[in-house]
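Student: let me see the structure of the following:
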Amino acid sequence: MRTCSIVIPVYKSTNSLEIIADDVNKLGKESESTHFELIFVNDSPENTETVSMLQKISESYGNVRVITLHKNIGQHLALLIGLKHAVGEFIVTMDDDLQHPVGEVPKLLDAIMANDKPDAVFGVPGYANKKHSLWRNAGSYILNRIDSFFLAKPKNLKKSPYRIMTSEIKDVIVKNYNAMPSISSLLINATSNIKNIKVDHHKRAFGKSHYTFRKLISLTLNNVIHYSSLPLKVLGTIGLLGFIFSVFFIIFTFIQRLFMGITLPGYASTVILISFFGGLNLLAMGIIGEYLIRIIREQQKWGLDDHIKRIDE
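Tutor: Purely as a prediction, here's the structure:
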């Protein structure tokens, strides 16, 4: 019998958690080939209602584990902690607000066990079926396009917090995360064998989303800064082009001074000095950018064996 771990970061939720636990329990009873473990990672340990509900659930369901953190550290770090402790052959991640239906988990399992054997699958609803607000749907679309440009993400691949991955690729991203991780970006960095499937998306049943537009922008900036060196490459290119332009401008000004009779006193020397040191500054900025790119790549360096999918002997 295969095992599937469902990892859910919890932030100030109560009623939805018991519904999720009950749905996972029913799913396990209906499935003859899969054992499900449910891992709640409590990222709001100061919330007494959440703590009480999780304690009640862990006492009521034998397949539930609760990991309580010392303090709020953010959704993605909480997810990584849950992933590290997941023992399933496949690992599903989902939100705690019931917008990701537990009933779609078998669809994710079928997709990752298909003949093409993907390392990960993102469950994505159609934009018309997403039950988020209009501004969030529009923002998600724009941010997805930004990810495609900066992260070299395939244009037809859409990221989603409702995802499934193999235990092998889970081990890779757990070992190679950075200070401000994004699970989907780590997956895209780790493997190109990812696909999308369509899943249902429900309305939020309780409370309001804690994801504000500011947090979405912050997450996107983290993705760009931590997972892409493109901004530094652009900066380095501008610095090099600026230096080359300043050299040609200095030569042009020098020729003007010698053969075209510039009469304004001090013009040639002032322009040449400003152009030289301005160009030198741009070149230095470009060189520093190249060093920073190498530092970023060193930080994100994978172990050699992590690149190997299999060895046939």
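Student: which residues in the chain form helices?
Tutor: Assigned by DSSP state H, the chain shows helices spanning 15-30, 48-60, 75-85, 105-112, 134-150, 167-175, 183-190, 213-227, 230-259, 267-299.
Student: buried sites along the first one?
Tutor: It stands for helix 15-30. Along helix 15-30, these residues count as buried under the neighbour rule (16 or more other CB atoms under 10 Å): 16-18, 20-21, 23-25, 27-28. All C-beta atoms are positioned from the backbone trio N, CA, C, and that covers glycine.
Student: report the mean confidence score over that helix.
Tutor: Mean pLDDT, computed over helix 15-30, is 94.
Student: now that helix against helix 48-60, angle please.
Tutor: Orientation of helix 15-30 against helix 48-60 (axes from the mean of the first three to the mean of the last three CA atoms, to 10 degrees) gives an angle of 20 degrees.
Student: and for the fourth one?
Tutor: Orientation check (the same axes, to 10 degrees): helix 105-112 against helix 48-60 gives 80 degrees.
Student: what helices and strands are in contact with helix 105-112?
Tutor: strand 2-10, strand 90-93, strand 120-124, strand 163-166, strand 194-198 (3 or more CB pairs under 8 Å, 6 or more residues apart in numbering; DSSP states H and E).
Student: cutoff 6 Å now
Tutor: When contacts are defined as 3 or more CB pairs under 6 Å, 6 or more residues apart in numbering; DSSP states H and E, helix 105-112 packs onto strand 120-124.
Student: what helices and strands are in contact with the strand it packs on?
Tutor: Applying 3+ CB pairs under 6 Å, 6+ apart, we find strand 120-124 packed against helix 105-112, strand 163-166, strand 194-198.
Student: winner for burial among these?
Tutor: Across the helices and strands packed on strand 120-124, averaging neighbours per residue (mean count of other CB atoms under 10 Å) puts strand 163-166 on top, at a mean of 25.
Student: what's near enough to touch Thr14?
Tutor: Thr14 sits next to 49-50, 53 when contact means CB atoms under 6 Å, 6 or more residues apart in numbering.
Student: against Lys26, how distant is it?
Tutor: Distance, Thr14 to Lys26, by CB to CB, to the nearest Å: 20 Å.
Student: then Ile250?
Tutor: 76 Å.
Student: and for Gly74?
Tutor: Taken as CB to CB, the span from Gly74 to Lys26 is 31 Å.
Student: next one: Val124
Tutor: Distance, Val124 to Lys26, using CB to CB: 25 Å.
Student: what ranges in the chain fall below the confidence cut-off?
Tutor: 127-153, 207-230, 261-264, 267, 293, 296-313 (pLDDT under 70).
Student: I'd like the helices and strands packed on strand 120-124 laid out as TSV, including distance to Gly239.
Tutor: Listed next are the helices and strands packed on strand 120-124 as TSV, based on distance: least, CB to CB, whole Å:
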stretch	distance to Gly239
helix 105-112	45
strand 163-166	39
strand 194-198	35
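Student: tally of neighbours for the residue nearest to Ala190 when sequence neighbours are not counted?
Tutor: Nearest non-adjacent residue to Ala190, counting by CB to CB, 6 or more residues apart in numbering: Val172, 4.9 Å away. Using other CB atoms under 10 Å, Val172 has 22 neighbouring residues.
Student: let's have the chain start at 40 instead
Tutor: With 40 as the first residue, the last one maps to Val211.
Student: let me know whether Val211 touches Leu226 as I believe.
Tutor: No - using CB atoms under 6 Å, Val211 makes no contact with Leu226, being 9.1 Å away.
Student: so who does Cys43 touch?
Tutor: Shown in contact with Cys43 (CB under 6 Å, 6+ apart): 73, 75, 127, 129.
Student: how far does stretch 316-335 sit from its chain's centre?
Tutor: How far stretch 316-335 lies from its chain's middle: 27 Å, per CA atoms, centre = their mean, to the nearest Å.
Student: same question but for stretch 70-84, I mixed them up
Tutor: 22 Å.
Student: first-to-last residue distance for that stretch?
Tutor: End-to-end distance for stretch 70-84, by CA to CA, to the nearest Å: 33 Å.
Student: buried stuff in that stretch?
Tutor: Going by neighbour count (16+ other CB under 10 Å), the buried part of stretch 70-84 is 70, 73, 75-83.
Student: and the contacts of it?
Tutor: In contact with stretch 70-84 (CB under 6 Å, 6+ apart) are residues 40-51, 63, 67, 89, 93, 102-108, 111, 117, 120-121.
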